[in-house]
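[1] Structure of the sequence below:
(2 chains, ligands or ions: 4)
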Protein chains: 2
Amino acid sequence: MDESKGLALALEEAQIGYREGGIPIGAALVAADGRVLGRGRNMRVQNDNPILHGETSCLQNAGRLPSSAYQGSTMFTTLSPCDMCTGACILYGISRVVIGENKTFLGGEAYLKQRGVEVVVLDSSECRELMEKFIVEKPDVWNEDIGV
Amino acid sequence: MDESKGLALALEEAQIGYREGGIPIGAALVAADGRVLGRGRNMRVQNDNPILHGETSCLQNAGRLPSSAYQGSTMFTTLSPCDMCTGACILYGISRVVIGENKTFLGGEAYLKQRGVEVVVLDSSECRELMEKFIVEKPDVWNEDIGV
Ligand SMILES: [Ca+2]
Ligand SMILES: [Ca+2]
Ligand SMILES: [Zn+2]
Ligand SMILES: [Zn+2]
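    Numbering: from 1, shown residues only, chains lettered A, B, ... in the order given. Ligands and ions are numbered 1, 2, ... in the order given. A predicted model of the protein is given here:
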């Protein structure tokens, strides 16, 4: 799948999350053949859940899959993945992580590369502006989400 | 909390999981002051959920917490943590990870140490024997859980 098309799915999730009053980070997992395996968004606020980040929420929504389903897949995410989501992508052998932006938060990109995952940063101003707006509005919720 | 007492909570979760037909890995998060913040077990089979490992399930059950609650805390887990759970412990600044055994699976222990987390391996034969039994009984489910 085209990188900007995949990111658009993730951004749509982030925008839904923002409208719900949640942390606006979204993700979409796309298989090697272009099929969308799952989509998800950060649900800390909506579900009172500290492990449902964009990427983990997406993996949860994709459901149980054999390891072959993740081979060649791409995780699109609006924001640079935190350590937990970095580890989740490594666990399942996701091949590529396409990131909307890493200016508001820089996560485990170096470690992903070190573990053999391809990393692409698209530097999307839409993703960045949405996060910047949220961080100004709800800094405490954001800090809680990244363990600060 | 005493290491064997904390591990006993995690093992109890693993045993419940086994009786439910699930993957027998359990965890307990204990605060610096000894209070049990949460307990959990792998719920892949029970909930059809690929992100509920012992440790992440435990973090989910502990609920939303300020970062100060994790300071000085210990994650007790029956099995060496996978990359996702390793990352989850790092994200929340958990201070110590006490592991039942790492013979049936060796996870992110080196990376935890590299990131400043104390790691203790208790080499529990009860934890190991439970996992060995499960892996022989349901090798496919186990491989799915670790992305193999
Ligand atoms: Ca794999
Ligand atoms: Ca912290
Ligand atoms: Zn994350
Ligand atoms: Zn795990």
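[2] Give me the next element, helix or strand, following the longest helix seen in chain A.
    For chain A, the helix that runs over the most residues, judged by DSSP state H, is helix A:3-19. Sequence-wise, the next helix or strand downstream of helix A:3-19 (DSSP states H and E) is strand A:26-30.
[3] list the contacts for the closest residue to ligand 2 within chain A?
    Per Cβ to the ion, A:Gly147 is where chain A lies closest to ligand 2, at 4.5 Å. For glycine as for every other residue, the C-beta is placed from the backbone atoms N, C-alpha and C. Under the criterion of Cβ atoms under 8 Å, 6 or more residues apart in numbering or on different chains, the contact partners of A:Gly147 comprise B:67, B:70, B:91-93.
[4] ok, of those, which one's closest to A:Val97?
    B:Leu91 (16.3 Å; Cβ to Cβ).
[5] and the closest one, how many neighbours does it have?
    Look at B:Leu91: counted by other Cβ atoms under 10 Å in any protein chain shown, it has 25 neighbours.
[6] picking up where we left off before, from the contacts of A:Gly147, which would you call buried?
    Buried by 16 or more other Cβ atoms under 10 Å in any protein chain shown: B:70, B:91-93, out of the contacts of A:Gly147.
[7] and those residues, which two are the farthest apart?
    Among the buried ones among the contacts of A:Gly147, B:Tyr70 and B:Leu91 lie farthest apart (Cβ to Cβ), at 9.2 Å.
[8] The host helix or strand of A:Thr56 packs against which elements?
    Using DSSP H and E, A:Thr56 falls within helix A:54-62. If you count contacts as 3 or more Cβ pairs under 8 Å, 6 or more residues apart in numbering or on different chains; DSSP states H and E, helix A:54-62 packs onto helix A:3-19, strand A:26-30, strand A:36-41, strand A:74-79, helix A:83-91.
[9] what angle do it and helix B:54-62 make?
    Relative orientation of helix A:54-62 and helix B:54-62, computed by axes from the mean of the first three to the mean of the last three Cα atoms, to 10 degrees: 100 degrees.
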